[in-house]
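> coordinates only, sequence not included:
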């Protein structure tokens with residue numbers, strides 16, 4: 001018997017899911033995942049496991065123009081045997097080996113993902129799912145876990161599963177699982193799917209669905225030398241606006257009922273899709289609640305494609321007042337001319353300007369993929385520093401602090417950036433959100449780095 005006893009490292013509401021977040025470890029593979037209990041067509045309980053693996057996080061070998069990498073996915077299923085001690089017994093383990101082959105070298109840096117799906121038959125109960133992803137070439141691994149409650153479809157009590165999220169690709173209309181908090185820009189329609197079990201002879205069930213929007217911070221990071229943030233809350237879960245709602249009464253339907261709810265991807269912001277079921281036959285507080293939080297980012301997130309998406313990140317290279325004036329331009333052609341004027345007035349050589357522009361927006365896209373939480377990654381403090389200075393040379397990390405070092409002297413205050421992990425305004429959903437410890441010593445550092453970008457020196461003298 002293998003016992004697993006481990007508490008959550010951060011507060012967690014079992015009724016509200018946020019989707020997976022990348023947890024980066026230098027040199028290790030990266031994955032996003034989702035594990036949700038459902039009832040299959042044979043009325044048997046299952047756990048649906050969806051995993052997304054980042055191509056560029058793997059080690060590739062090149063031979064005859066073909067780039068090859070390999071990963072092993074090990075899944076362990078533990079069933080709770082003692083709720084009081086949080087003890088679990090392993091009931092199943094299996095491995096899957098996957099080969100990746102591409103003919104373009106871009107795969108080695110790609111932040112795109114490939115997907116793996118597994119449907120695991122289980123018995124009713126409480127489970128812990130552990131997933132280990134190993135790069136077969138480097139031997140390095142990452143482990144992720146989640147808790148899952150599997151309901152008995154034959155129970156005499158109504159039940160409500162957690163919510164699956166799928167997205168429709170706006171180009172080919174394919175429907176695919178969404179494992180992340182951030183909804184990709186290629187998704188134009190979101191599908192929420194869940195199941196309700198209603199035993200025969202039971203009272204009718206009211207199923208209430210709501211889509212709500214939370215008040216949240218949508219501003220880019222402030223200059224590095226400006227004082228401490230006035231607030232770290234990011235999202236104010238206490239201020240919410242109901243966008244859509246729907247109610248359905250289950251009177252004739254019994255057994256396991258699958259319900260789907262589709263909505264167009266909403267405007268930029270942070271949202272929650274809520275489901276509540278309640279018996280209509282008595283006055284008792286007999287309700288169950290599930291929710292899935294998500295964010296809607298810019299229209300092409302995480303990529304930068306349209307004119308306004310090119311204009312927004314220039315805030316780190318322009319005077320803030322000048323940038324505000326530029327963003328007031330509503331006509332797309334006029335805005336594009338203003339962007340071109342900004343770059344070419346500083347970088348007079350078109351070839352050099354082209355290379356600098358490409359480098360800058362590559363950094364913006366990388367920041368989106370690595371640091372997004374309740375807003376696009378380029379808007380975060382880590383995203384700002386990453387865009388201006390690039391990947392850190394060294395990283396030190398503790399429980400609540402991350403230190404980025406750009407140089408060999410770790411005591412140099414102008415080449416070391418301290419980020420403090422902060423909690424958003426919620427007891428149950430602290431994001432992996434870090435704010436920069438700002439200081440006056442960064443005034444000249446930031447100014448000099450901006451000048452490297454505007455002069456083209458960033459191509460030959462990055463720092």
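Nice, I can see it. Just so it is clear, the structure is predicted and the values come from calculations on it, not from any experiment. Residues are numbered from 1 along each chain as shown.
> what's the domain layout of the chain?
Annotated domains of the chain cover 1-152, 347-459 [automatic domain parsing].
> between the ones you listed, which one is nearest to residue 287?
The minimum distance between residue 287 and those falls on domain 1-152, with 11.0 Å, by CB to CB. Every residue, glycine included, has its C-beta placed from N, CA and C.
> please work out the average pLDDT along the closest one.
Mean pLDDT, computed over domain 1-152, is 87.
> chain center to that domain, what's the gap?
15 Å (CA atoms, centre = their mean, to the nearest Å).
> re the thing from before, buried deepest among the domains of the chain, which one?
domain 347-459 (a mean of 18; mean count of other CB atoms under 10 Å).
> please enumerate the helices of the protein.
Taking DSSP state H as the criterion, the chain carries its helices at 307-311, 320-327, 332-346, 350-371, 381-389, 442-455.
> out of those helices, which comes closest to residue 419?
helix 381-389 (6.2 Å).
> please name every helix or strand in contact with that closest one.
Under the contact definition 3 or more CB pairs under 8 Å, 6 or more residues apart in numbering; DSSP states H and E, helix 381-389 sits against helix 350-371, strand 416-422, strand 433-436, helix 442-455.
> got the contact list for residue 171?
Counting by CB atoms under 8 Å, 6 or more residues apart in numbering, residue 171 touches residue 186.
> at 10 Å instead, please
186, 188 (CB atoms under 10 Å, 6 or more residues apart in numbering).
> would TSV of the helices of the chain with distance to residue 407 be doable?
Formatted as TSV, the helices of the chain follow (distance: least, CB to CB, whole Å):
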stretch	distance to residue 407
helix 307-311	31
helix 320-327	28
helix 332-346	26
helix 350-371	19
helix 381-389	11
helix 442-455	11
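> residue 169: how many residues sit nearby?
14 (other CB atoms under 10 Å).
> tell me where the stretch 201-350 of the chain has strands.
205-216, 235-250, 255-264, 269-279, 287-296 (DSSP state E, counting those that start in this stretch).
> for the ones you listed, which one ends up most surrounded?
strand 269-279 (a mean of 21).
> packing partners for that strand?
Under the contact definition 3 or more CB pairs under 10 Å, 6 or more residues apart in numbering; DSSP states H and E, strand 269-279 sits against strand 159-160, strand 187-198, strand 205-216, strand 235-250, strand 255-264, strand 287-296.
> now the last one against strand 187-198, angle please.
Put simply, strand 287-296 runs at 170 degrees to strand 187-198, going by axes from the mean of the first three to the mean of the last three CA atoms, to 10 degrees.
> these two touch, right, residue 254 and residue 156?
No. Contact criterion CB atoms under 10 Å: residue 254 and residue 156 do not qualify, at 11.8 Å.
> any chance of the helices and strands packed on helix 381-389 in JSON lines, plus distance to residue 202 and mean pLDDT?
Output for those, formatted as JSON lines (distance: least, CB to CB, whole Å; pLDDT from 0 to 100):
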{"stretch": "helix 350-371", "distance to residue 202": "47", "mean pLDDT": "93"}
{"stretch": "strand 416-422", "distance to residue 202": "46", "mean pLDDT": "90"}
{"stretch": "strand 433-436", "distance to residue 202": "43", "mean pLDDT": "88"}
{"stretch": "helix 442-455", "distance to residue 202": "63", "mean pLDDT": "96"}
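> re earlier: could the helices and strands packed on strand 269-279 go into a markdown table alongside mean pLDDT?
Shown next, in a markdown table, are the helices and strands packed on strand 269-279 (pLDDT from 0 to 100):
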| stretch | mean pLDDT |
| --- | --- |
| strand 159-160 | 94 |
| strand 187-198 | 95 |
| strand 205-216 | 95 |
| strand 235-250 | 93 |
| strand 255-264 | 96 |
| strand 287-296 | 94 |
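> mind putting those strands in TSV, distance to residue 48 included?
Below are these laid out as TSV (distance: least, CB to CB, whole Å):
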stretch	distance to residue 48
strand 159-160	16
strand 187-198	10
strand 205-216	21
strand 235-250	23
strand 255-264	13
strand 287-296	14
